[in-house]
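**Q** Could you work out the structure for the sequence below:
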Amino acid sequence: MPIVHDLEAVDKLAFEFEKIGYEYMGEFGISGRRYLRKGGDERTHQIHIFSEHNIVDTRRHLAVRDYLRTPKNVCDKYAALKKEFAKKYPYDIDGYCDGKDAFVQQMGKEALQWRNR
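**A** Coordinates of the predicted model:
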């Protein structure tokens, strides 16, 4: 998860990412971020590039990453939910994202609380 001084400089290099197989998705719902994905329907790679000024989303993403690595069953629950909605919405990324949104929002809150304890 790169953090950069200037997202416009990253935008100017979008074609370089595309040359190596990434889709350059722009902000993709989060201001102060650039989202890239690779692997088509399999989405084998994802990159979130944040502006150094987007502290809130940067902290949340890092907290969720670390929270998923804890011995709790959060990672297993999240994986099961993702699989469930991938089966339910194999060709509907909006349905897939909407389906897991409540869990992701709650996990983000819990991760930040866990990190700040």
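**Q** which SS class is the residue nearest the centre of the chain?
**A** Geometric centre of the chain, nearest residue: residue 48, 6.3 Å, by CA atoms, centre = their mean. Here residue 48 is recorded as strand under DSSP: H, G, I helix; E, B strand; the rest coil.
**Q** so what's it up against?
**A** 1, 33, 34, 35, 61 (CB atoms under 8 Å, 6 or more residues apart in numbering). Heads up, the C-betas are built off the backbone N, CA and C, glycines and all.
**Q** Just the ones of those residues in helices?
**A** Filtering the contacts of residue 48 for membership in helices, criterion DSSP state H, returns residue 61.
**Q** Pull the most distant pair out of the contacts of residue 48.
**A** 34 and 61 (13.0 Å; CB to CB).
**Q** which residues in this structure form helices?
**A** Using DSSP H, helices in the chain cover 7-12, 14-19, 55-68, 74-88, 93-115.
**Q** So which bits of the third one are buried?
**A** Within helix 55-68, the residues that qualify as buried are 57, 58, 60, 61, 62, 63, 64, 67, counting by 16 or more other CB atoms under 10 Å.
**Q** can the residues you listed go into CSV with extra columns for distance to residue 91 and pLDDT?
**A** Formatted as CSV, those follow (distance: CB to CB, whole Å; pLDDT from 0 to 100):
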residue, distance to residue 91, pLDDT
57, 28, 94
58, 32, 95
60, 29, 94
61, 27, 94
62, 32, 94
63, 32, 95
64, 26, 94
67, 30, 94
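**Q** List just the nearest of those residues to residue 75.
**A** Closest to residue 75, out of all of the buried residues of helix 55-68 and judged by CB to CB, is residue 67, at 8.7 Å.
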